[in-house]
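Participant: sharing a model that was predicted from the sequence below.
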Amino acid sequence: MDAELMATKDIHPPRAALKAVIFDLDGVLVDSFDVMREAFYIAYREVVGGGEPPFEEYSRHPGRYFPDIMNMMGLPLEMEAPFVRESYRLADRVRLFDGVTDMLGALHERGLRFAVATGKSGPRARSLLEGLGVLPMFDHVIGSDEVARAKPAPDIVLRALDLLGVEPDEALMIGDAVTDLASARGAGVTAVAALWGESDPEPLLDAAPDAAMESPADLLAWCLEVGP
C-alpha cells in the first residue's frame, strides 16, 4: 500500500459507534464491469448504429443513474431499455468480489445492519443480489429510481439512514466513485472509498475520502475497529 493511500486511512472514523454500512453495488460488492461493457455496446449499436461505442467515456461516470449518464453524454435515452434487457440477460456473469461474503457475514454477526444504495434501478439491483444468493443479508436495497434525486445528491443515503433507523454519525457509506463520496458527505455519513474494483483510484483519493480500503478484508478489519 502506497504512502498516499496510507494517509487516507483512519482519518475520520464514524463519530459514534458504527451501527450500519451503506454499500454501493457495482465495483464494491459485485464485479459487473464486463457485463456493463457488453450491455452498453449492444444498446449503442441497437439504438445509435455505427461507430465505436463510447464505453470509456461512459465508464468515467460510475455510481450515476443510467439516464443521467445518457443526458451527460448526449446519447439517446432509448438506450436504457436494451441496456437493461442485456444486463438482465448477462446477469449470471456477474460475480461477488472475493471476500465480500465473508465480510458481510462477520459484520452481520457483530450486529451491523446493511443497505445498498446504487445507481441501478431498485428492481434490477435486488434481482442481481438475489441471483447471487446474498439479498437476505441486506436490510434494504435502494435504487436510483426510488429517490427524488440520484447521486451525487444525498437523497439515496438519507433514505437508507431512514430505513435503517440510524443517525448519520452511526453509519458509513462505501463506494467506488466520487459521486458516492459526495452523496455520503451530503448526508453527513463517513465516506469510504473502495479501491478494489475497476475504478481509477486517483480521483477517489483526490476527493479525500474519510478512509480508503484496498479490499473487503480491509473494510472488515476497519469496521470491527470502529464498530460495536
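Facilitator: Received it, and whenever you're ready, just let me know what you need. As the structure is a prediction and not an experimental result, all values here were calculated from the model.
Participant: next structured bit after the top helix by length along the chain?
Facilitator: Across the chain, the helix with the greatest residue count (assigned by DSSP state H) is helix 33-47. Proceeding C-terminally, helix 33-47 gives way to helix 55-58 as the next helix or strand, assigned by DSSP states H and E.
Participant: dump that following helix to PDB, keeping only the CA atoms.
Facilitator: Below are the C-alpha coordinates for helix 55-58, written out as PDB (Å, rounded to 0.1, in the frame of the first residue of the first chain):
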ATOM      1  CA  PHE A  55     -17.800   3.000 -23.300                       C
ATOM      2  CA  GLU A  56     -14.600   4.600 -22.000                       C
ATOM      3  CA  GLU A  57     -16.500   7.900 -21.500                       C
ATOM      4  CA  TYR A  58     -19.500   6.000 -20.000                       C
END
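Participant: quick one: the next helix or strand after it to helix 33-47, angle?
Facilitator: Downstream of helix 55-58, the first helix or strand assigned by DSSP H and E is helix 66-73. Inter-element angle recorded for helix 66-73 and helix 33-47: 70 degrees (by axes from the mean of the first three to the mean of the last three C-alpha atoms, to 10 degrees).
Participant: in the helix or strand following helix 66-73, what's buried?
Facilitator: Toward the C-terminus, helix 66-73 is succeeded by helix 80-89 as the next helix or strand (DSSP H and E). Across helix 80-89, burial judged by 16 or more other C-beta atoms under 10 Å covers 80, 82-84, 86-87. Backbone N, C-alpha and C define where each C-beta goes, glycine included.
Participant: please apply the same query to stretch 32-51.
Facilitator: Quick answer for stretch 32-51 (16+ other C-beta under 10 Å): 32-33, 35-40, 42-44, 47.
Participant: just put the residues you listed in TSV and tack on distance to Leu128.
Facilitator: As requested, the buried residues of stretch 32-51 are exported to TSV (distance: C-beta to C-beta, whole Å):
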residue	distance to Leu128
Ser32	8
Phe33	14
Val35	10
Met36	12
Arg37	16
Glu38	15
Ala39	13
Phe40	16
Ile42	18
Ala43	18
Tyr44	22
Val47	23
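Participant: from these, which single one is nearest Ala212?
Facilitator: Phe33 (19.5 Å; C-beta to C-beta).
Participant: what about that closest one, distance to Ser59?
Facilitator: According to C-beta to C-beta, to the nearest Å, Phe33 and Ser59 sit 8 Å apart.
Participant: anything in contact with each of those two?
Facilitator: Glu198 (C-beta atoms under 8 Å, 6 or more residues apart in numbering).
Participant: so how many other residues sit close to Val226?
Facilitator: If you count neighbours by other C-beta atoms under 10 Å, Val226 ends up with 16.
Participant: Arg93 too?
Facilitator: The burial count for Arg93: 11, using other C-beta under 10 Å.
Participant: and Asp102, by the same measure?
Facilitator: Other residues close to Asp102 by other C-beta under 10 Å number 12.
Participant: again, but for Pro123
Facilitator: Neighbour tally, Pro123, other C-beta under 10 Å: 14.
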